[in-house]
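Trainee: next one to model:
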Amino acid sequence: MKTAGLQADAQGVEPTALVSWWRRRDERGSTLLEFALVATLLMTLLLGIVVFGILLGKRQVLTQATAEGARAAVPYQYTPADTSNLKAAARNQVNKSLESVNRICDDGRTTCTFVVYSCAGTTSTPPTGSGDCFEVSVTLDVKSGADPLAPTATPLSVFMPATMSSKFTATLANPT
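Mentor: Numbering: from 1, shown residues only. Got it, this is the predicted structure:
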């Protein structure tokens, strides 16, 4: 009794060609499967880069908004008992700066705080009217609401932060 390899050999086909044909037949579809796995990983990576880029841009807007808000208050006159004009000027500037991300202070998704304190102490130290600091803090909710800052319908949203915050302190120039 002859083996399959010998029969093929008798018919003029080499045994290695027959084995190669069977191996190719067993591996049909493996290229498609490999492509699907690699494409999934590459698309996830690409999506991650896009979402990270969006968040990085929004973070830059947030940082710029806090800095501009603090600087906007610097030229205003104030007294230790009345710092409302400083806070109003800073709030207006922060709101203008946050327009590009469709947010304003205290809209339910954005928290803004404005504190005047003596630079020699901490934020709980009352202002002295001379050498005071003005601190602006802004916190944005990244995921919630009808208008999130980045796409949240992706598997990568579990890696996104829930909030982004920024703080900037400026020294007040014109006490009275």
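Trainee: tell me where the chain has helices.
Mentor: Counting by DSSP state H, residue ranges of the helices within the chain are 4-10, 15-26, 30-73, 84-97.
Trainee: deepest-packed of these, please.
Mentor: helix 84-97 (a mean of 19; mean count of other Cβ atoms under 10 Å). C-beta here means a position set from N, CA and C on the backbone, and glycine is covered the same way.
Trainee: packing partners for that helix?
Mentor: Taking 3 or more Cβ pairs under 8 Å, 6 or more residues apart in numbering; DSSP states H and E as contact, the helices and strands that helix 84-97 lies on are helix 30-73, strand 110-118, strand 132-141.
Trainee: got these as TSV, with mean pLDDT columns?
Mentor: What follows is the helices and strands packed on helix 84-97, written out as TSV (pLDDT from 0 to 100):
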stretch	mean pLDDT
helix 30-73	91
strand 110-118	92
strand 132-141	93
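Trainee: which one is the residue nearest the centre of the chain nearest to, not counting chain neighbours?
Mentor: Centre of the chain computed as the mean C-alpha position; nearest residue by Cα atoms, centre = their mean is L55, 2.6 Å away. The shortest distance from L55 to any residue that is not its chain neighbour, by Cβ to Cβ, 6 or more residues apart in numbering, is 5.1 Å, and that residue is A150.
Trainee: how near is the one you found to T123?
Mentor: Distance from A150 to T123, counting by Cβ to Cβ, to the nearest Å: 30 Å.
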